[in-house]
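Participant: Take this sequence and fold it.
(chains A and B)
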Amino acid sequence: MRIQRFVSRSFVHFAVILIAFLWTLPTVGVLVSSFRPENDVKNSGWWNALKHPFEESVWTFKNYADVISANGLGEAFVNTLVVTIPATILPITVAAFAAYAFAWMRFPGRDWLFAMVIGLMVVPLQVALIPILRLYTQTGIAGTFLGLWLAHTGFGLPLAIYLLYNYISQLPGDLIESAKIDGASDFTVFMRIVLPLSTPAIASFAIFQFLWIWNDLLVSLVFLGTNKVLTVKLSELTGSLGNKWHLLTAGAFVSMIVPLAVFFALQRYFVRGLLAGSVKG
Amino acid sequence: MSSQPQTSTGPRSRSNVETVRLLLVPLALIISILVGRWSLGVMKDAEAPRLLVVGVALLVGVFGIWIAYWLCNEVLNLIPSETLRERIRPVIFVGPALALLIIYLVYPTVMTAYYSVLDKNSEAFVGLDNFKFAFTNRTIQIALRNNVYWIVGVTSFSVIGGLIMAVLFDKVRYEAVAKSMIFLPMIISFVGAGVIWRFMYASNPPGVGLLNAFIGNFDFKPVAWLINKSVNNIALIVIMIWLQTGFCLVILSAALKAIPADIIDAARVDGAGELDIFWRIIIPSLKTTILTVVTTVVIAVLKVFDIVFVMTNGNYETEVIANRMFTEFFRNQNYGLSSALTMILVIAVLPVMIINVRNARRQRG
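Facilitator: Presented below is the predicted three-dimensional model:
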């Protein structure tokens, strides 16, 4: 019995470690290659670098210097920040006001409108590409940051409203009612009470939206002309650089560095957001 | 009577505040409109210095929206009638959200449906010709077939994989670390994942790709994983499984931990084996969660675009609907066919949409 338990326990440990190892292997390969000199990358598999990890000639930063300046990833990095920060804050703001109204204000058609928000959550954003591009060309905001932020805001809103509504509608009603009896307006209640109390939900959604925008290819490709973001630039490089793996791997890591930092710093909120977003009734 | 002096100063200082407000709010409104117009001009101007555009963009994008809401609210407060004021106030709160939803999702859906029955330049009515073409054209038939492969392959492997991992990981102390390693790929963009896996699959220069080096150990010849038609779709589907399993794992693992421990302990005391527990207790308790995860993954897979776009661009019989839609729209400028392909996606998600709306309405009573 004890031996049997020992065998089954070691099997579990073995399986868990093997799965985790295999899952990480592709990313580690790219990370290691991005620090190897061009000739090494061309002539031998990345795992060879780990045989002599303490020899200095095995490692280099040149690939990063090259992709950031010569291949324009540095500029793309700045563009991505300019796209991502407002495109995260705008939908949160708009959605928070709307979620408060759906939860705590009375107005005609409220339930019907909320049902529409839920319905829009699964609409594929592909529907927007042709009509919105035509609209943008007519109004002259095609290719501007503003156009891209508004598009991202529109696409992110249904989920944002849904998540924030779930949280805001659960806040204690007494608190809000008593503030109103004391003469506070809806605006004051929202700014002074609801918003500060909703920080956890806002943080969870912010991480999602941030990662989603940072990683988006389709929307930026269509709506942002010359100011290329990281994903667009990197997808172009995969075509033009072909087998220059030393540059491609470094490029891939430049595009991942911010999401990785966000992930490691805010993992808890990230998981909480995932759980809140997936439980749909 | 003694409180009269106070009550009389009250309204007066209040009315002073009101007068100041009456002057300040319109001033702030005018200033914001001017600043807004100026910054819009800067952002549209291709000649403007880059740093200025970026600075203005960030300031407007981050603070502008808050100022706009505050100003609208202040302007509303100028209306003397309270009932009217409070009747309009919800418009300020939900109005912007509804406007954006209508412009960016409702209106485009209607227009796409309309374009799908027009010809390639959206000029003449062609009925269902675009749909007929879609279902008879060989490339698009392949795309439809591949979408089915993707849905079945990704959903079954990532959900079953996620479930097995959730159960296994639950038994070890380093669960948190192991879980992070599985869902790390979720934060990587599809393009980044594309580079990672192109490198895994590389066959040129030889000896660089891990997968070919691995099968080389068993004396197999290198395979062009992305070109060889018998494996390339599987090679692409594997990437999506790699990305999605973490999501399934996180959700299923949380649901697993919500199963009361005494139920499982009681079963163990009664002599149930681990497999019995898995099939008779864990699976039935997780039924609704599994259903939610399956729907989420199916919808994600249905819309898959980036992976195919970056890896093969639909060549060598790896086309999928979303990538074909993009090619018809962006390269071929065939707006009719492109819209018809989008409508196929919309129709495919329609049942989920209806179920979600029904559930939400029931929940709100």
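
Participant: Pretty sure residue B:317 sits in a helix.
Facilitator: No. Going by DSSP: H, G, I helix; E, B strand; the rest coil, the assignment for residue B:317 is coil, not a helix.

Participant: In the stretch 1-150 of chain A, which residue sits nearest chain B?
Facilitator: residue A:86 (2.5 Å; C-beta to the nearest C-beta). C-beta here means a position set from N, CA and C on the backbone, and glycine is covered the same way.

Participant: Next, count neighbours for that residue.
Facilitator: For residue A:86, the count of nearby residues is 27 (other C-beta atoms under 10 Å in any protein chain shown).

Participant: ok, residue A:147 - contacts?
Facilitator: Contacts for residue A:147 (C-beta atoms under 8 Å, 6 or more residues apart in numbering or on different chains) come out as A:136, A:141, A:223, A:224.

Participant: now with 6 Å?
Facilitator: Neighbour list for residue A:147: A:136, A:141, A:223 [criterion: C-beta atoms under 6 Å, 6 or more residues apart in numbering or on different chains].

Participant: hang on, it in a helix?
Facilitator: Yes. Assessed with three-state DSSP, residue A:147 lies in a helix.

Participant: Stretch B:193-207 - what's its average pLDDT?
Facilitator: The average pLDDT within stretch B:193-207 is 88.

Participant: got it, and stretch A:71-80?
Facilitator: 91.

Participant: For the residue of the stretch 1-150 of chain A closest to chain B, report the pLDDT, please.
Facilitator: Here, the pLDDT recorded for residue A:86 equals 90.

Participant: Surely it touches residue A:151?
Facilitator: No. Using C-beta atoms under 6 Å, residue A:86 is not in contact with residue A:151, being 11.9 Å away.

Participant: quick one: what helix or strand has the residue nearest the centre of chain A in it?
Facilitator: Nearest to the mean C-alpha position of chain A, counting by C-alpha atoms, centre = their mean, stands residue A:211 at 1.0 Å. Element membership for residue A:211 (DSSP states H and E) is helix A:199-215.

Participant: sorry, back to before: figure out how far the strand or helix carrying the residue of the stretch 1-150 of chain A closest to chain B is from the centre of its chain.
Facilitator: Using DSSP H and E, residue A:86 maps to helix A:73-104. Centre-to-centre, helix A:73-104 and its host chain are 11 Å apart (C-alpha atoms, centre = their mean, to the nearest Å).

Participant: Neighbours of residue A:8, how many?
Facilitator: When neighbours are counted by other C-beta under 10 Å, residue A:8 registers 11.

Participant: Name the next helix or strand downstream of the helix or strand residue B:108 falls within, please.
Facilitator: Assessed by DSSP H and E, residue B:108 sits inside helix B:107-115. Per DSSP H and E, the first helix or strand lying C-terminal to helix B:107-115 is helix B:129-136.

Participant: Could you point out the helix or strand that follows that following helix?
Facilitator: As assigned by DSSP H and E, the chain's next helix or strand after helix B:129-136 is helix B:138-169.

Participant: Could you figure out how far that following helix is turned away from helix B:129-136?
Facilitator: Orientation of helix B:138-169 against helix B:129-136 (axes from the mean of the first three to the mean of the last three C-alpha atoms, to 10 degrees) gives an angle of 70 degrees.

Participant: Which strands or helices does helix B:138-169 pack on?
Facilitator: helix A:2-34, helix B:175-183, helix B:232-257, helix B:287-302, helix B:321-326 (3 or more C-beta pairs under 6 Å, 6 or more residues apart in numbering or on different chains; DSSP states H and E).

Participant: so residue B:316 sits right up against residue B:227, yeah?
Facilitator: Yes. Residue B:316 lies in contact with residue B:227 (C-beta under 6 Å); the separation is 5.2 Å.

Participant: one step back: pick the most deeply packed of the helices and strands packed on helix B:138-169.
Facilitator: Of all those, helix B:321-326 has the most neighbours on average by mean count of other C-beta atoms under 10 Å in any protein chain shown, namely a mean of 26.

Participant: Now stretch B:82-93: average pLDDT?
Facilitator: Mean pLDDT, computed over stretch B:82-93, is 89.

Participant: In that stretch, which residues are buried?
Facilitator: Across stretch B:82-93, burial judged by 16 or more other C-beta atoms under 10 Å in any protein chain shown covers B:86, B:89, B:90, B:92, B:93.

Participant: now swap in stretch B:158-173 and tell me
Facilitator: Within stretch B:158-173, the residues scored as buried using 16+ other C-beta under 10 Å are B:158, B:159, B:161, B:162, B:163, B:164, B:165, B:166, B:167, B:168, B:169, B:172.

Participant: Next: stretch B:274-291.
Facilitator: Applying 16+ other C-beta under 10 Å to stretch B:274-291 flags B:277, B:281, B:282, B:285, B:286, B:289, B:290 as buried.

Participant: what about that stretch, start to end distance?
Facilitator: For stretch B:274-291, the first and last residues are 23 Å from each other (C-alpha to C-alpha, to the nearest Å).

Participant: got the contact list for it?
Facilitator: B:255, B:259, B:264, B:267.

Participant: Run through the chain and note the low-pLDDT ranges.
Facilitator: Chain wasn't specified; assuming chain A. A:1, A:277-281 (pLDDT under 70).

Participant: should've been chain B
Facilitator: B:1-15, B:46, B:364-365.

Participant: one step back: need the contact list for the residue nearest to the centre of chain A.
Facilitator: Counted by C-beta under 6 Å, 6+ apart, residue A:211 has contacts A:259, B:187.

Participant: all helices for the stretch 101-250 of chain A, in order.
Facilitator: A:110-120, A:126-139, A:145-168, A:173-181, A:186-188, A:195-197, A:199-215, A:218-223, A:230-240, A:245-278 (DSSP state H, counting those that start in this stretch).

Participant: list the helices and strands the first one packs on?
Facilitator: So that's helix A:110-120. Here helix A:110-120 touches helix A:145-168, helix B:335-364, going by 3+ C-beta pairs under 6 Å, 6+ apart.

Participant: Could you identify which of those is most buried?
Facilitator: The highest average neighbour count among the helices and strands packed on helix A:110-120, using mean count of other C-beta under 10 Å, belongs to helix A:145-168 at a mean of 24.
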